[in-house]
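*Asks:* give me the fold of what follows.
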Amino acid sequence: MPELPRSRICCVFFLCGWLVSSHGTDAPGAVLKIDIETIDQAVTTAMAESNVLQKLAEAASKKQPGAKPIKGITGLMVKDLQPPEISLTFVPGTGLFMAVLTKITIAGRSFIGGNMEISLVANMTAKNKLSQDDSGSPKFSVENCQIAIVSVKTNLPSNMLPKMVNKFLDSTLKKVMPGMLCPAVGAVLELMNAKFDTMMAQMPFGALGSIQFTLLSPPIISQDFIELHLKPILQHQGGDPVDLPADPPALASLLPKTEPGTQIVLSANLLAGELTLLQASFDLNVTDNPALELPPLTTATLASLLPEVSESLPPSKPLVIELRVTKPPLVTIKEDKSLLHLFATMEFLSGDPSDSRDPLFVLETHINLDTQFSVREEKLHISVALDRLYKMGLSSSSVGPFDETPLKGFLADIIQVAYVPALNVALREGMPLPYLFGLKYSHTEISMFEGALVLNVRVK
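*Replies:* This is a model prediction of the structure:
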């Protein structure tokens, strides 16, 4: 046996070491990099859904436990509560800093009998930690909440301002406002946490199975985004899991996030696993159909292509080609091209019901399909076109041995004209994408990198 060059030996050992180290490790099948705009819209939506403004007004109008009545002011109520101005920033390594500027007008009657109004501006600041809870979901919690009264204006006579307004601030506002606003922040964060739970929940994958994303490690918070490393769990309808190999590429560092929006990185292995759930719908029986404008699908056509076995073929009988995908689909992604690889058998049978159901011959094929991606209704859609019939070989034959090469062009035409349209119908439903707090994917730019598909999503 010839001696291998040293460089070849080193390469072999490196490859073996990589396989050992990567196999069995939990590599993310998807990575989410959630930008501040997405979080801002999610928080705004959560505040609207929780009806927090109305709750603030109701709480402010009620007599607070322990609060002493204010002499000279009766019938206090919140007359106006303006929509808050919310400012959010990420706190690297911790979570989310929230500043909420609230404008409130409180009305009542003064002791002199006239209507009184006090308009105040309060600034609430809250530092919120993002962590991973016991169930494995991301979770926000309020770490520090403070209220500052920015300004106070009143319609009372100026000579009443010092004593009465100071009394009001000291005995009521400074004590009541934190207990009123800070729990509201907690309520909004609880809604955000519920949306995180939905993100991690099992989602139906059509009628064929389900997909669920689990958090592999605690969230990573940088100055520009929250980064979540997700492991997909795919199951067939009966509960059997779809095994995904570990992804060699480090998806999190595949490319820097530079564009605004939330970035979703999907590994090629994840896409292949999702297509495995659909594999049963990729099978097709091809019969003669003049509308397809193909040569007649008959034994006579086969005989003209395979003269060496023409005498062994039944004379001028209709043909049925049973195409069956026998191995899990494979997806390869490069910067300029993505391919779906299907490994299928093609069984050629007589279409005459009186003939034997034993195949005339069986071919093993490797079909390469060019893939195009789009996003609609929070689903990834794939459409395919024939790239080429990459490989084919004779697996078995009851009509004798033959060279299958003359069939290649004929079969490529059948795949393009008959099989590809049927495949696109099977793919039409789309693949569920990660749930982003119930927000709609308003605009998505798609790019491809080695081993991964990258979606840059703007939400609404």
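*Asks:* which strands or helices does the longest helix seen in the chain pack on?
*Replies:* Counting by DSSP state H, the longest helix found in the chain is helix 174-199. When contacts are defined as 3 or more C-beta pairs under 8 Å, 6 or more residues apart in numbering; DSSP states H and E, helix 174-199 sits against helix 36-49, helix 52-61, strand 95-110, strand 115-132, strand 138-154. Glycine gets a C-beta too; all of them are placed from N, C-alpha and C.
*Asks:* now distance to Leu228, mean pLDDT and mean neighbour count too, for those, in CSV please.
*Replies:* Below are the helices and strands packed on helix 174-199 laid out as CSV (distance: least, C-beta to C-beta, whole Å; pLDDT from 0 to 100; neighbours: other C-beta atoms under 10 Å):
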stretch, distance to Leu228, mean pLDDT, mean neighbour count
helix 36-49, 12, 89, 18
helix 52-61, 26, 64, 16
strand 95-110, 13, 86, 19
strand 115-132, 10, 89, 18
strand 138-154, 7, 88, 16
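*Asks:* between the ones you listed, which gets nearest to Val420?
*Replies:* Closest approach to Val420 among those is made by helix 36-49 (36.4 Å; C-beta to C-beta).
*Asks:* next one: the closest one to chain centre, how far?
*Replies:* 18 Å (C-alpha atoms, centre = their mean, to the nearest Å).
*Asks:* could you list the buried residues of stretch 77-88?
*Replies:* When neighbours are counted by 16 or more other C-beta atoms under 10 Å, the buried residues of stretch 77-88 are found to be Val78, Lys79, Leu81, Pro84, Ile86, Leu88.
*Asks:* about what we covered before: want to throw the helices and strands packed on helix 174-199 into a markdown table with distance to Leu339?
*Replies:* Output for these, formatted as a markdown table (distance: least, C-beta to C-beta, whole Å):
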| stretch | distance to Leu339 |
| --- | --- |
| helix 36-49 | 31 |
| helix 52-61 | 50 |
| strand 95-110 | 41 |
| strand 115-132 | 36 |
| strand 138-154 | 34 |
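*Asks:* so which of those is nearest Met180?
*Replies:* In terms of C-beta to C-beta, the element of the helices and strands packed on helix 174-199 nearest to Met180 is helix 52-61, at 4.8 Å.
*Asks:* and the helix or strand following the longest helix of the chain, what does it pack against?
*Replies:* Using DSSP states H and E, the helix or strand that directly follows helix 174-199 along the chain is strand 203-205. Counting contacts by 3+ C-beta pairs under 8 Å, 6+ apart, strand 203-205 is packed against strand 209-215, strand 431-432.
*Asks:* ok, the closest residue to Leu189 other than its chain neighbours to Asp224 distance?
*Replies:* Closest residue to Leu189 apart from its sequence neighbours, by C-beta to C-beta, 6 or more residues apart in numbering: Phe140 at 4.2 Å. From Phe140 across to Asp224, the span is 18 Å (C-beta to C-beta, to the nearest Å).
*Asks:* out of the buried residues of stretch 77-88, which are inside strands?
*Replies:* Secondary structure defined by DSSP state E assigns Val78, Lys79, Leu81, Ile86, Leu88 of these to strands.
*Asks:* just checking, the first one touches Ile106?
*Replies:* Yes: checked against C-beta atoms under 8 Å, the pair Val78 and Ile106 is within contact range at 5.9 Å.
*Asks:* residues in contact with Asp403?
*Replies:* Neighbour list for Asp403: Glu308 [criterion: C-beta atoms under 8 Å, 6 or more residues apart in numbering].
*Asks:* let's verify it: helix, strand, or coil?
*Replies:* Under DSSP: H, G, I helix; E, B strand; the rest coil, the three-state class of Asp403 is coil.
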